[in-house]
Each structure stands twice: as structure tokens, then as C-alpha cells.
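Student: any chance you can model this:
(one chain, ligands or ions: 1)
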Amino acid sequence: MPKQFKKSTDKNKRQKFAFKSPKGMHDILPDDQFYWERLSKYGKDVAEFYGYHKIETPILEDAEVFLKTLGEESDVVEKEMFFVKGGGKDKYVLRPEGTAPVARAFIEYGMSHRPQPVKLWYSGPMFRKEQPQAGRFRQFHQIGFEIIGGSIDPIYDAQIILASFHILEQAKIKNLVINVNSIGCRICRPHYRKKLIEYYKKNERDLCVDCKRRLKTNPLRLLDCKNANCAPLKVKAPSLLDNICVSCSSHLKLVLEYLDELSLPYVLNPHLVRGLDYYSKTVFEIFTDQSPLALASGGRYDYLLETMGSRPTPGTGSAIGMERVIELMRATHNASAKSSKEKVFFVYLGDLAKKKVLKLIEEFRRTNIITQESFGKDLIKRQMMLADKSGAQLALILGQREVFEETIIIRDLKSGVQETIPITKVVDVVKKRLQ
Ligand code: HAM
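Tutor: Sure, this is the predicted structure:
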């Protein structure tokens with residue numbers, strides 16, 4: 001369980017407190033907001049720089065949006081969707097991913113009439129009923145990018161990979177490597193599928209239970225099997241790269257050339273297949289050597305919109321798993337970068353001073369300087385301790401004498417140096433000091 005999600009170990013407290021967040025779902029506590037805000041900002045900056053437009057889709061979707069598109073035998077459809085009761089005849093689910101809902105919105109709002117392709121991005125929670133474990137949750141968050149419409153141009157695949165890569169780089173994740181593969185198209189994949197079935201049929205008795213089942217339903221997923229017993233068979237399995245058609249292999253070649261041009265580190269991984277069925281041609285996953293889990297993944301989905309009733313419309317996209325990235329950011333981000341937003345801490349002595357502080361806070365609010373106080377803790381010593389811990393730059397101290405003399409003390413919390421100034425000038429002086 002990541003550090004940020006560790007729960008109180010105080011037995012007494014826990015016994016008294018019976019309610020817990022749902023299994024595999026976590027609160028994002030105040031101490032972690034720094035990382036969430038940072039990563040969200042990186043996502044927004046990258047999206048805006050590359051001309052993606054933000055889209056927000058509902059957290060509930062018609063179940064058909066996923067049942068029709070992700071693949072009947074995909075883990076998500078088979079066992080991981082949260083169905084929501086109360087929709088009457090309609091069957092709703094908590095969205096397990098963002099691509100199908102964005103494609104649904106593209107069709108519903110006639111986005112094919114806009115200049116093509118349409119570049120969209122989103123950020124928000126997704127839900128999958130997985131067995132919770134490190135880096136795998138039932139509610140998790142993604143930052144996603146989709147390029148929909150236009151032509152089937154490999155440059156869009158490269159641009160999609162670039163966007164996710166840049167966000168991970170900004171999050172200071174080291175030693176990133178992009179795993180790339182092509183899973184072919186409608187023309188070449190059935191031939192490959194046949195070859196793969198023939199190969200595995202000969203070795204069926206050595207397969208794990210899951211692979212035996214998948215051989216009948218979704219043989220490409222055998223390449224993704226993590227069971228050690230299946231590993232030797234996987235190595236000798238016919239390679240996708242040797243079996244895709246000319247169009248798919250020249251598409252892949254160009255994607256790789258663009259990645260070279262952008263100096264992005266990649267490896268060709270002929271065993272890379274994806275857990276969702278809507279992909280065709282390019283698929284990719286981005287890893288770091290600090291974690292065995294993919295930090296971002298995606299690929300091309302040229303048939304997805306057609307499956308949803310649209311005319312043929314190509315698409316390509318990716319999504320970053322925010323929890324996985326934040327777990328690494330916690331280790332690599334300089335804690336000192338975690339500077340406080342609150343720049344000024346008020347310390348007061350006596351009721352009159354307390355009243356004056358209440359009013360002064362409003363003056364600072366008008367100039368956008370964020371302040372902090374600890375009303376309710378009247379002891380000045382205690383307030384000074386909190387000011388020191390707060391991360392604020394300045395303490396503004398108002399005692400009975402200062403109230404009487406209409407002055408206020410400004411104390412630099414780092415150096416301890418302080419001066420007394422007329423209270424009427426405090427906002428201007430603080431503004432200058434903070435610059
Ligand atoms: P996905 O590979 O299922 O693809 O998820 C994308 C990323 O979300 C993963 O690489 C991982 O970082 C994170 N992720 C997935 N499941 C979990 C989980 N249970 N707990 C924590 N993190 C998780 C998609 O969702 C596609 N919609 C991506 C895409 C966009 N393809 C085209 N456009």
C-alpha cells in the first residue's frame with residue numbers, strides 16, 4: 001500500500017472508528033494535495049501546449065459503451081465493472097476507462113464536423129473491480145489524451161506518446177522507457193491469430209488455466225501472460241512483428257522514426273498486447289526502472305468509433321495512471337519544493353487583537369496574499385510554534401501594545417529578524433517583502 005494511503009495504526013482509534021473508505025479506494029489527504037496539484041498542472045500545461053481541448057464526461061456511463069468496445073473477454077468487461085443500481089431499465093456502470101466515453105461524446109456531439117483531427121484531454125477517476133494491490137486500485141485517476149478523426153497518420157501516435165512522456169519527465173521520473181509494438185489491423189490480425197492458436201494448441205497442456213481459457217476466447221492475451229510456466233512458450237511464439245501486413249509495418253516504422261526524431265527512448269516489444277480490445281496497429285506502455293507497473297499506456301483504435309455506430313473514424317490515445325506516478329514523485333520530489341501557499345501567519349494576543357486580525361485577513365484576501373492563523377489557540381507561544389511549522393515566510397504579530405499604538409510586528413520566520421510598522425502600511429510592506 002503506498003505511503004500516502006497508510007491508515008492509522010492506533011488500535012484504539014481504529015476500533016472506535018468503524019467506517020472505512022471502500023476496498024481499493026482511497027482518500028486523497030491534505031498532505032498529498034501538493035503532489036496531485038503538481039501532476040495535474042503538468043498535465044494541463046502539456047495539454048494546452050500541444051493544443052488539446054479539455055473534455056469532461058460523466059462518471060456513470062451506459063454499460064453498453066464499454067460492453068460493445070472493450071472486448072467481451074477483456075478482464076474489465078468480464079469481471080471488473082461496477083454496475084450501478086437505480087437507473088431503471090438503463091444499465092449504468094462507473095466508467096472503467098476514459099477512451100470509450102470520449103469516443104461516445106465525439107459521436108454524440110458531431111465532432112466530426114469540426115476541423116480534424118480533434119485533440120481532446122481529460123483527467124479524473126476511473127473504477128475497476130480489481131484485486132487491490134500495490135499500484136492497482138479500484139478507484140484510480142488518469143490523465144488521458146485522445147486524437148480522433150483525420151487520417152491514420154503515425155505522427156499522431158508519436159505525438160500522443162510524446163505528451164505522456166513529457167508529463168512523466170516533468171514529474172522527474174527517471175529512466176523512462178517506452179515499450180512499443182503493433183498488434184496489426186483487421187486484415188493481418190486474423191491470420192496471425194490463426195498461427196498463434198495453431199502454435200499454442202500443440203503446447204496446450206503446458207499452459208496455465210487462464211491461458212487455456214484465453215486460447216479459445218482471446219489468444220493474443222497469451223502473449224501478456226505473467227505465469228512463469230507459460231514464459232518459455234511465449235518466447236518461441238510467432239512474433240506479431242513478423243506477421244503484420246505491409247501497411248501496419250510501415251505505419252510502425254514511421255512511428256519509430258518519429259520517436260527517433262524526438263529522441264524518445266523506446267524498445268520494440270513484440271509481446272506487448274493490451275488488455276482492452278479496441279486497439280489496432282500501434283500499442284505502447286511507458287515504464288521506469290523504479291516500478292514494474294506501466295505508468296502510462298495506450299495506442300491506436302481505428303475501429304472503436306465504427307463499433308459505436310459512427311462512420312469509420314481513426315483515433316489514437318494514451319492515459320497516465322496518476323497514483324502510480326505520485327507514488328514515485330513522493331520519493332523523487334524535493335520536499336523543500338513543497339513550499340507553502342500561505343505566505344503570512346497571524347499571531348495575536350487578546351480579544352481586541354483577534355478582532356483586528358479578522359479584518360486584516362480580508363485586506364490581504366483582496367491582494368491575493370494567502371494568510372493563515374490559529375484562532376482558538378490564544379496562547380502566543382503556541383501560535384508562534386504553529387507559525388514556525390506552517391511554512392509561511394512572515395509572521396504578523398499583534399499584541400495589546402501594538403493594538404493600542406496602531407502598529408504591527410513583522411517577523412521573518414527564517415531569520416527571526418523583526419520590525420514594527422504602522423498597521424495601515426502592513427499590506428504594502430508585506431507585498432514588497434514577498435516580492
Ligand atoms: P489502461 O492501460 O487500462 O488503458 O490504463 C492506463 C493507465 O492507467 C495504466 O498504464 C496505469 O498507469 C493506470 N491504471 C490502470 N488500471 C489501474 C488500476 N487498477 N490502478 C491504478 N492505476 C491503473 C486505458 O485505460 C486506456 N483508456 C488508455 C488509452 C487512452 N488508450 C487510448 N487512449
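Student: from here on, contacts and neighbour counts on C-alpha atoms
Tutor: Fine.
Student: near the ligand, which residues of this structure are found?
Tutor: Residues of the chain lying close to the ligand by Cα under 6 Å from any ligand atom are 97-99, 128, 135-138, 140, 142, 144, 146, 294-299, 316-321.
Student: sitting in helices, which of those residues do you find?
Tutor: Thr99 (DSSP state H).
Student: and the residues of the chain next to the ligand, which are buried?
Tutor: Burial by neighbour count, 16 or more other Cα atoms under 10 Å: within the residues of the chain next to the ligand this picks out 97-99, 128, 135-138, 140, 142, 144, 146, 294-299, 316-321.
Student: ok now stretch 348-365, how far from the chain's centre?
Tutor: 41 Å (Cα atoms, centre = their mean, to the nearest Å).
Student: any idea of the mean pLDDT in it?
Tutor: The average of the pLDDT scores along stretch 348-365 is 95.
Student: what are the buried residues along that stretch?
Tutor: Tyr348, Leu349, Ala353, Lys354, Val357, Leu360, Ile361, Phe364.
Student: list the contacts for the residue nearest the centre of the chain?
Tutor: Residue closest to the average C-alpha location in the chain (Cα atoms, centre = their mean): Met322, at 2.7 Å. Contacts for Met322 (Cα atoms under 8 Å, 6 or more residues apart in numbering) come out as Leu39, Phe140, His141, Gln142, Ile143, Leu295.
Student: Tyr403 contacts Lys354, correct?
Tutor: One thing to correct before we go on: residue 403 is Val, not Tyr. No - with contact defined as Cα atoms under 8 Å, Val403 does not count as touching Lys354 (10.0 Å).
Student: tell me the spatial nearest neighbour of the closest residue to the ligand within the stretch 51-200 of the chain, not counting adjacent residues.
Tutor: At 3.4 Å from the ligand, Arg136 is the closest residue in the stretch 51-200 of the chain, using Cα to the nearest ligand atom. Closest residue in space to Arg136, ignoring its immediate chain neighbours: Glu130 at 7.3 Å, by Cα to Cα, 6 or more residues apart in numbering.
Student: and the residue nearest to Arg300 when sequence neighbours are not counted, what does it touch?
Tutor: Among residues not flanking Arg300 along the chain, Thr316 sits closest, at 4.0 Å (Cα to Cα, 6+ apart). Contact analysis of Thr316 by Cα under 8 Å, 6+ apart lists Glu146, Ile147, Ile148, Tyr156, Asp157, Ile160, Gly298, Gly299, Arg300, Tyr301, Asp302.
Student: 6 Å instead, please
Tutor: Contacts for Thr316 (Cα atoms under 6 Å, 6 or more residues apart in numbering) come out as Glu146, Ile147, Gly299, Arg300, Tyr301.
Student: next, the contact list for the first one, please.
Tutor: It stands for Glu146. Counted by Cα under 6 Å, 6+ apart, Glu146 has contacts Lys119, Leu120, Thr316, Gly317.
Student: repeat that for 7 Å
Tutor: Taking Cα atoms under 7 Å, 6 or more residues apart in numbering, we find Glu146 in contact with Lys119, Leu120, Trp121, Thr316, Gly317, Ser318.
Student: what's the spacing between Met322 and Gln290?
Tutor: 15 Å (Cα to Cα, to the nearest Å).
Student: which residues are contacting stretch 175-189?
Tutor: 240-241, 244-245, 248, 252, 265-270, 272-273, 280-289.
Student: so which of those residues are in helices?
Tutor: Using DSSP H, Leu240, Leu241, Cys248, Leu252 are the members of the contacts of stretch 175-189 that sit in helices.
Student: leaving out chain neighbours, which residue sits closest to the second one?
Tutor: Excluding its sequence neighbours, the residue lying closest to Leu241 (Cα to Cα, 6+ apart) is Pro270, at 6.1 Å.
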